[in-house]
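Engineer: Here's a sequence, model it:
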Amino acid sequence: MRVGTAAALGIDAAVHAGNASAYDAVTATVSQGALFRVEAGVAAAAGLLVLVRPRRSSWVAALLIAASALAAVLVYRYVDLGSLGPLPDMYENTWQVPGKVLSAYAEGAAVVLAGLDLLVHRKPRDGTADSSGHDTQKRG
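Structural biologist: Residues are numbered from 1 along each chain as shown. The predicted structure is shown next:
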């Protein structure tokens, strides 16, 4: 699950980093291109985190980052929210943008994989966990 989650977040990061410059003109206080660069950075960091430090907090971060990115692409694809405070109007009623579908699928995969890891490796009731943050207690 670690490699799959990291790969999905890496795809998300690559698509956002690659498309960021095309969205620099979509601006309010902050540009959509800048938001894409931030998303690319946090997705890459979360992917690396689950690879090198697969603790519960790493999985929670990966889940939240992927879920927020997936929610954003779905909302801004289907709902025209207009500008929200410092955020520009990011409504884009198409899936034809290069990489948009790929990043949405990758974000969805990261949500599923991170969520599964959190379910499978739930913290034991007595607080016992190994160095990777996973349960070491035998259940029978």
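Engineer: Could you state which residue of the chain sits nearest its centroid?
Structural biologist: With distances taken as CA atoms, centre = their mean, Ala66 lies nearest the centre of the chain, 2.1 Å away.
Engineer: Could you pull up the mean pLDDT of stretch 23-33?
Structural biologist: Average pLDDT, stretch 23-33: 93.
Engineer: gap between that stretch and the chain center?
Structural biologist: Centre-to-centre, stretch 23-33 and its host chain are 20 Å apart (CA atoms, centre = their mean, to the nearest Å).
Engineer: which residues are in contact with that stretch?
Structural biologist: With contact meaning CB atoms under 8 Å, 6 or more residues apart in numbering, stretch 23-33 is reached by 20-22, 34-36, 83, 85-90. Heads up, the C-betas are built off the backbone N, CA and C, glycines and all.
Engineer: just stretch 55-73 next, same as before
Structural biologist: 5, 8-9, 12, 16, 39, 42-43, 46-47, 49-50, 90, 100, 103-104, 107-108, 110-111, 114-115, 117-118, 121, 123, 132-133.
Engineer: Out of the contacts of stretch 23-33, list just those in helices.
Structural biologist: Applying DSSP state H to the contacts of stretch 23-33, the entries found in helices are 34-36.
Engineer: that older thread, among the contacts of stretch 55-73, which are located in helices?
Structural biologist: 5, 8-9, 12, 16, 39, 42-43, 46-47, 49-50, 100, 103-104, 107-108, 110-111, 114-115, 117-118.
Engineer: Next, the contact list for Phe36, please.
Structural biologist: 16-17, 19-20, 23.
Engineer: Of the residues you listed, which count as buried by neighbour count?
Structural biologist: 16-17, 19-20, 23 (16 or more other CB atoms under 10 Å).
Engineer: I'd say Thr5 and Leu113 touch.
Structural biologist: Yes. Using CB atoms under 8 Å, Thr5 makes contact with Leu113 at a distance of 4.3 Å.
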